[in-house]
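Novice: Sequence first, predicted model second:
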Amino acid sequence: MTRGRLYLVPNTLDFGMDGQEVDLREVLPDAVLARAASITHWAAENAKTTRAFLKRVGAIHPLALPLQEQRIEELPRPPKGRGPAANAAIASSSEEKLWLALLTPALDHGQDIGLISEAGMPAVADPGAKLVAAAHAAGIEVVPLTGPSSLLMALAASGLNGQSFAFVGYLPLEAAERSARIKALDAFSAREQQTQLMIETPYRNGALLQALLATLKPGTLLSVSCGLSLKNAWTHSATVAQWRQAPKALPDKVPAVFAILGAR
């Protein structure tokens, strides 16, 4: 039996934005929407939000199966916290079995599986990367579909170095640790001329911005992209000194991406 494929199905960036839903056709190609409509087996962080996505897809392309008949399996929950343990690759045999079980439709029945994130590209700053790794290990073809990635959109809009960049994820919550991490990233970015990208839980956006402005060197470039792909999206890039002179408030419910490039 031919094995099914694992399709990486991109999602919109309006997750949790009540009243700000975008038209799927504005951010996802029609071919992607048609492929999503054809898939009946899903791996997702949250079954409820995946059904909401499929309902929107179904309004454009008829679903292969009604919503109530779609098989949606949730990803194993990662360990709590932001340390290495939370982001480690598949380690124990028991954990490996949990991820491999999600691939059963493709392995045993030749069914295609859709992997979907809560927002943006699956497996990029997203726990679905473990399922992709498991698919490769099992010999399942992985097919990424075209769609938005807030990290790359923010980088492109920033005007910072797009030839060398790194995503560093979340910064520590504890103030002293966070400050030390920011200083280290600033120094590394200045030395290597590499853009450093980071994110934060939306309600902590303001706190992260204040920490960056208080800690980064005045000549460091800081770019913030807020609400990408939404109606009121914006990107502001300036030196830290300029940010301090003309502060810009961040909404506490809208996702943002932060980028820095240290001055030589």
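Specialist: Sure thing, it's come through.
Novice: my read: Thr235 touches Ala157, true?
Specialist: Yes: using Cβ atoms under 8 Å, Thr235 is in contact with Ala157, at 4.1 Å. From N, CA and C alone the C-beta is placed, and that goes for glycine too.
Novice: shared neighbours, the two?
Specialist: 223, 225, 228 (Cβ atoms under 8 Å, 6 or more residues apart in numbering).
Novice: So what pairs up with the first one in the strands?
Specialist: Beta-bridge pairing for Ser223 (DSSP bridges): Ser237, Ala259.
Novice: so what's it up against?
Specialist: Ser223 touches 154, 157-160, 235-237, 258-260, counting by Cβ under 8 Å, 6+ apart.
Novice: ditto for Ala156
Specialist: Ala156 touches Gly162, counting by Cβ under 8 Å, 6+ apart.
Novice: Any idea which of the shared contacts of Thr235 and Ala157 the model trusts least?
Specialist: Least confident of those in the model: Leu228, at 94.
Novice: So that one sits against Leu151, correct?
Specialist: No: look at Leu228 against Leu151 with Cβ under 8 Å: they stay out of range, at 9.6 Å.
Novice: and for these two, which residues touch both?
Specialist: With Cβ under 8 Å, 6+ apart as the test, Leu228 and Leu151 both reach Val257.
Novice: Render the CA-only coordinates of stretch 24-42 in PDB, please.
Specialist: Output in PDB follows, covering the C-alpha atoms of stretch 24-42 (Å, rounded to 0.1, in the frame of the first residue of the first chain):
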ATOM      1  CA  LEU A  24      -8.700  33.100   3.800                       C
ATOM      2  CA  ARG A  25      -8.400  33.900   0.100                       C
ATOM      3  CA  GLU A  26      -6.300  37.000   0.900                       C
ATOM      4  CA  VAL A  27      -3.600  35.000   2.700                       C
ATOM      5  CA  LEU A  28      -3.800  31.400   1.400                       C
ATOM      6  CA  PRO A  29      -3.600  30.300  -2.300                       C
ATOM      7  CA  ASP A  30      -6.700  28.600  -3.700                       C
ATOM      8  CA  ALA A  31      -4.700  25.400  -4.300                       C
ATOM      9  CA  VAL A  32      -3.800  25.300  -0.600                       C
ATOM     10  CA  LEU A  33      -7.500  25.700   0.400                       C
ATOM     11  CA  ALA A  34      -8.500  23.000  -2.000                       C
ATOM     12  CA  ARG A  35      -5.900  20.600  -0.600                       C
ATOM     13  CA  ALA A  36      -7.000  21.400   3.000                       C
ATOM     14  CA  ALA A  37     -10.600  20.600   1.900                       C
ATOM     15  CA  SER A  38      -9.500  17.200   0.600                       C
ATOM     16  CA  ILE A  39      -7.700  16.100   3.800                       C
ATOM     17  CA  THR A  40      -9.800  14.100   6.400                       C
ATOM     18  CA  HIS A  41      -7.000  13.300   9.000                       C
ATOM     19  CA  TRP A  42      -5.400  16.100  11.000                       C
END
